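[1] build me a model:
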Amino acid sequence: MRGTRPAARWSAALLVLAVTAAVASDARAQPPPDAKPTLDIYGFGQVDAIADFNQNNPDWYDVSRPSRLPSFAAQYGQDGHFYLSPRQSRLGVRGTLPTPNGDVKGTFEFDMFGVGRDAGQTTIRLRHAWGQWKSIGGGQTNSAFMDVDVFPNTIEYWGPNGMLFLRNAQVFFEPFNDGMSNARIAIEAPGASGDAGVLTDRVELQNIKPRFPRPDFTGHYRFGRRWGYVQVGGALRYIAYDDVLTTDQFDLSGHVWAWGVSLSSNLKAGPRDVVRFQLIEGAGVENYFNDAPIDVGIKSNPGNTVTPVAGKALGDFGLVLYLDHTWNDRFTSAIGYSRVDISNSDGQAPNAYKSGQYLSGNLLCTPAK
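    Numbers count the residues shown, from 1 in each chain. Purely as a prediction, here's the structure:
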C-alpha cells in the first residue's frame, strides 16, 4: 500500500542513474544538431483545512483511510478535531536529453507526506525517481500493475481504498506506446505484511522471518481510443517465510504464491463526464492496494504435528466506481464509491480487518487558471 522498500528503491535508482550517465556521456560526444536538452521544474504549495466530526488515527489525520478508523469508541480520544496540513505540497523536476540513439528522460519528485516510520510527520517523501531510454526504464515510479488514471478528481490525498496504488522500485520494458494504447511488463521490489492472528504471542511464531527470493512480476495492457480506454493488469509474486528456531519440534517454514488481476477503464460519457472504474481480484496482493493491510494470514494445518499452522495468501477484492463531471470552466465535481474485501484465514482474530468502504463527493472551484 504505497509502501517502498528503501534498499531496493535506491539500488534501482542508482542503476538507472548509472545507465543514464553512460548514455548521456555518449550523447555529449555526438549531439544532434537541432535538439536540445530540456529541464522542467514543477510543483505546488497546498494547505488542507480539515474539520473532523468523529475521530481518526492521529498519524493519518489528513486522509480518509477505512483501515485507520477506530475499532471501538474513543480509541483515539474524544471526537472532534480541526487540522491544517501542508503535506500535499509537491516539488519535482523532469528532463529529457536527446541523443543520436534515442532520448533519455527522467523524473525526480517528492512531497511532504510522511509514511511508515514517519507517519503523521510533515517530511520529505520520495514519490518518483526514475529514468527511461527507449523502451527500457527503471527506478521508483507507478507499479506496472496499477492504473493511476482511475484516481478521481478529488483533493483528498489518499483516494479510494479499493484501487491499486503503489509507487515501487522496478525495472520495466515497454514493447509499445502510441500515446493512447500501451503495454508494460516489469520486475518490482517485493514486500508483504503478515498476521499471526490468535497465535501472535506464541514463542514459536516469534522466530518466523519473511524472505523474498524473487521479484514481483507485473504488467498491463491498455487499449485506448477516443472514447477512453480499457486496461488489463496482472501480478504474480512468491512470498517465503522461514522458521529460524531450530531447537524445537516444529518446522514452520513455507511459502505462498500470490496473484492478482485488474480490469480498469476511463469512459467518456459525454463532453463533460468521465466514468472511472476498476475491479480487482486476487490473493496476497494487498500490498498493491491503496488501503489493505495484510497479505498473508495464518491458517490451521490439521493432522500435521511438525507444521501445525501455515501461511495463507489472503483473498482480496477491490472496486472503484467514480464519475467526474465538469460543470463549466470554473466548477467540477467527483462522486463515487470504493471498497475492499479480504477473505481472512481461520487463524486470524475475529476483529481482524476484513472490509472497508469509501464514499466521497465534492464541488471544486478553480477561480483562476
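
[2] give me the pLDDT value at Y61.
    Looking at Y61, its pLDDT stands at 94.

[3] and it, how far is that from P70?
    Counting by CB to CB, to the nearest Å, the separation of Y61 from P70 is 13 Å. (C-beta placed from N, C-alpha, C; glycine too.)

[4] what about those two, which has more around it?
    Between Y61 and P70, counted using other CB atoms under 10 Å, the more crowded position is Y61 (18 against 14).

[5] so the closest residue to that one other than its chain neighbours, which state does it fall into?
    Residue nearest to Y61 in three dimensions, not counting chain neighbours: Y83, with 5.2 Å by CB to CB, 6 or more residues apart in numbering. Of the three states, Y83 takes strand under DSSP: H, G, I helix; E, B strand; the rest coil.

[6] in the protein, which spans are helices?
    6-29 (DSSP state H).

[7] which regions of it lie under the pLDDT threshold?
    Applying pLDDT under 70 to the chain picks out residues 1-33, 203-204.

[8] pick out the residue nearest the middle of it.
    L166 (1.5 Å; CA atoms, centre = their mean).

[9] just confirm that one contacts M146, I think it does.
    Yes. Look at L166 against M146 with CB atoms under 8 Å: they come within range, at 6.2 Å.

[10] need the overlap of contacts for these two.
    Shared contacts of L166 and M146 (CB atoms under 8 Å, 6 or more residues apart in numbering): Y288.

[11] what about the residue lying closest to W133 once chain neighbours are set aside, how many residues close to it?
    Spatial nearest neighbour of W133, excluding adjacent residues (CB to CB, 6+ apart): V104 at 4.9 Å. By the criterion of other CB under 10 Å, V104 has 24 neighbours.

[12] what does I41 give?
    Neighbours of I41 under the rule other CB under 10 Å: 9.

[13] from F108, how far out is it?
    10 Å.

[14] what is in contact with these two at once?
    What both I41 and F108 touch, as defined by CB under 8 Å, 6+ apart, is the set 92-93.

[15] for the closest residue to L252 other than its chain neighbours, which residues make a bridge with it?
    Nearest residue to L252, sequence neighbours excluded (CB to CB, 6+ apart): D243, at 4.1 Å. D243 has these beta-bridge partners by DSSP bridges: I208.

[16] just checking, D243 touches H255?
    No. With contact defined as CB under 8 Å, D243 does not reach H255; the gap is 11.9 Å.

[17] what residues are shared contacts of those two?
    With contacts taken as CB under 8 Å, 6+ apart, D243 and H255 have no neighbour in common.

[18] quick revisit: what sits against the residue nearest to Y61?
    By CB under 8 Å, 6+ apart, the contact set of Y83 is 48-50, 52, 61-62.

[19] mind running it again at 7 Å?
    For Y83, the contact set (CB atoms under 7 Å, 6 or more residues apart in numbering) comprises 50, 61-62.

[20] also H220?
    144-145, 184, 231-233.

[21] over to S360?
    So S360 contacts 154, 156, 336 (CB under 7 Å, 6+ apart).

[22] coming back round to it: from the contacts of H220, which would you call buried?
    Burial by neighbour count, judged by 16 or more other CB atoms under 10 Å, picks out 144-145, 184, 231-233 from the contacts of H220.

[23] now D324, which residues is it bridged with?
    Bridge pairing for D324 - DSSP bridges - gives V274, A334.

[24] tell me, how many residues neighbour it?
    With other CB under 10 Å as criterion, D324 counts 19.

[25] over to D178?
    7.

[26] do V93 as well
    For V93, using other CB under 10 Å, the count is 13.

[27] same question, G303
    Neighbours of G303 using other CB under 10 Å come to 6.

[28] ok, it to V309 distance?
    In terms of CB to CB, G303 sits 12 Å off from V309.

[29] P152 touches T332, doesn't it?
    No. Judged on CB atoms under 7 Å, P152 makes no contact with T332 at a distance of 10.3 Å.

[30] which one's more surrounded, these two?
    In this view P152 and T332 are compared by other CB under 10 Å, and P152 has more residues nearby, 24 against 17.

[31] which residues sit in contact with that one?
    If you count contacts by CB under 7 Å, 6+ apart, P152 has them with 276, 322, 324, 334, 336.
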